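Participant: Model the structure of this input:
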Amino acid sequence: MSVIRKLLFGLAAALVVMIVVGAGWLWQVAGVYGFNTILRRGGTYWITVKPDDERLSASMQLALKSPVPAAQPGALVWQEPEVGFEVAELPVLADGREVDRIFLSRIDPTRFRFVVHNAHRGDRGIDEWEHALPQAVLIVNGSYYDMHGRPDTPFISEGVAMGPQQYDAKAGAFVADAASADIRDLTHQDWGSAFAGATNAMVSYPLLIGDDGQTHVNVKSRWLANRTFVARDGSGRIVIGTTKEAFFSLDRLAEFLKASPLDLKVALNLDGGPLAHRSVRLNGYSQKFHARWEAQVEDDNVKLLRWPLPEATWAMPMVLTVERR
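Facilitator: Numbering: from 1, shown residues only. Reported below is the predicted structural model:
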């Protein structure tokens, strides 16, 4: 065997060993969810950019200025494609222009039921969920998940308990039973009692607006991302919103929602970032939104979340769905 062949053979053997070791490590850390993450979007990584980098959206660049321009709600007009299910888009205005937009659904829980699902394999994005749940008139991302795509907080899906059974929850929980749905403030109630009688439920955080009517996000942050929240208004309707852009940190989102014309009495943040997708399908009305933004910010260092396959849609291990009763 020539020297070149020996060298090529050695390199090939080393590459095989590296692949096998890497695959074993990935399986140990994230199981099948990790493999599907690689197959779906090539993995995930962070890059460091400046606050005015063109790879950030214009809204994110504006949100990173000091001081951050105050946000005001624009005109809000509700449509009702089906009795008990309304849709609207709330413009977010700052410096005289639109910097974000909140896609909204307002739902009568006596006419529609709410279900939470987990697909831990990481093989379902918004398209796959639409195919798997043709009866769902709304699909959005749900609460948080662990490295294996499993619920990271207490969770009930169609009566089946999932997630950790020992969990210190101080924020909030979404709960639904055969006849109603609500958001519970866990400041003075444990999650176990909040879940009593629920057929579908999930703990999430932070609580944006508590049942005292005040914002409950006490830490100022510059973490920017697409956001999803679930709330209850003064008429007992469930309001589900998703931001188009990543203008809001959580503390500023809480303040905006409190002052908005939505009349929210309690509001709970769900997971966010590039998986904050949204699908609405009913009576001739349809909407599909794919999120893409998340950035951690410390001083002038901005870490922007990226993935090698930019056109890929993220998997949604946790989803909240709405169906007709």
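Participant: Any stretches of this structure with poor pLDDT?
Facilitator: The model of the chain has pLDDT under 70 over residues 1, 5-30.
Participant: For residue 256, identify the helix or strand it belongs to.
Facilitator: helix 250-259 (DSSP states H and E).
Participant: could I have the helix or strand just after that helix exported to CSV, CA atoms only?
Facilitator: Going down the chain from helix 250-259, the next helix or strand is strand 264-269, by DSSP H and E. Output in CSV follows, covering the C-alpha atoms of strand 264-269 (Å, rounded to 0.1, in the frame of the first residue of the first chain):
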residue,chain,number,x,y,z
LEU,A,264,-56.3,41.2,29.7
LYS,A,265,-56.8,40.1,33.3
VAL,A,266,-54.0,37.5,33.4
ALA,A,267,-51.4,36.6,30.8
LEU,A,268,-48.8,33.8,30.6
ASN,A,269,-45.7,33.7,28.4
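Participant: who's in contact with strand 264-269?
Facilitator: 171-174, 183-185, 204-211, 213, 227-234, 239, 250, 253-254, 257-258 (Cβ atoms under 8 Å, 6 or more residues apart in numbering). For every residue, glycine as well, the C-beta is placed using N, CA and C.
Participant: Provide a PyMOL selection command restricted to the buried entries of the residues you listed.
Facilitator: Only the buried entries of the contacts of strand 264-269 go into this PyMOL selection, using 16 or more other Cβ atoms under 10 Å:
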select buried, resi 171+172+173+174+183+184+185+204+205+206+207+208+209+210+211+227+228+229+230+231+232+239+250+253+254+257
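Participant: In strands, which of the contacts of strand 264-269 appear?
Facilitator: Judged by DSSP state E, strands contain the following of the contacts of strand 264-269: 172-174, 183-185, 204, 207-209, 228-233, 239.
Participant: Who are the packing partners of the helix holding residue 256?
Facilitator: strand 207-209, strand 228-233, strand 264-269 (3 or more Cβ pairs under 8 Å, 6 or more residues apart in numbering; DSSP states H and E).
Participant: which stretches of the protein form helices?
Facilitator: 3-41, 58-63, 126-132, 191-195, 250-259 (DSSP state H).
Participant: how close does residue 274 get to residue 228?
Facilitator: 12 Å (Cβ to Cβ, to the nearest Å).
Participant: Next, the buried residues of stretch 150-158.
Facilitator: So for stretch 150-158, counting by 16+ other Cβ under 10 Å, buried means 150-157.
Participant: can you pull the contacts of residue 52?
Facilitator: Here residue 52 is in contact with 61, 64 (Cβ under 8 Å, 6+ apart).
Participant: Distance of it relative to residue 62?
Facilitator: 10 Å.
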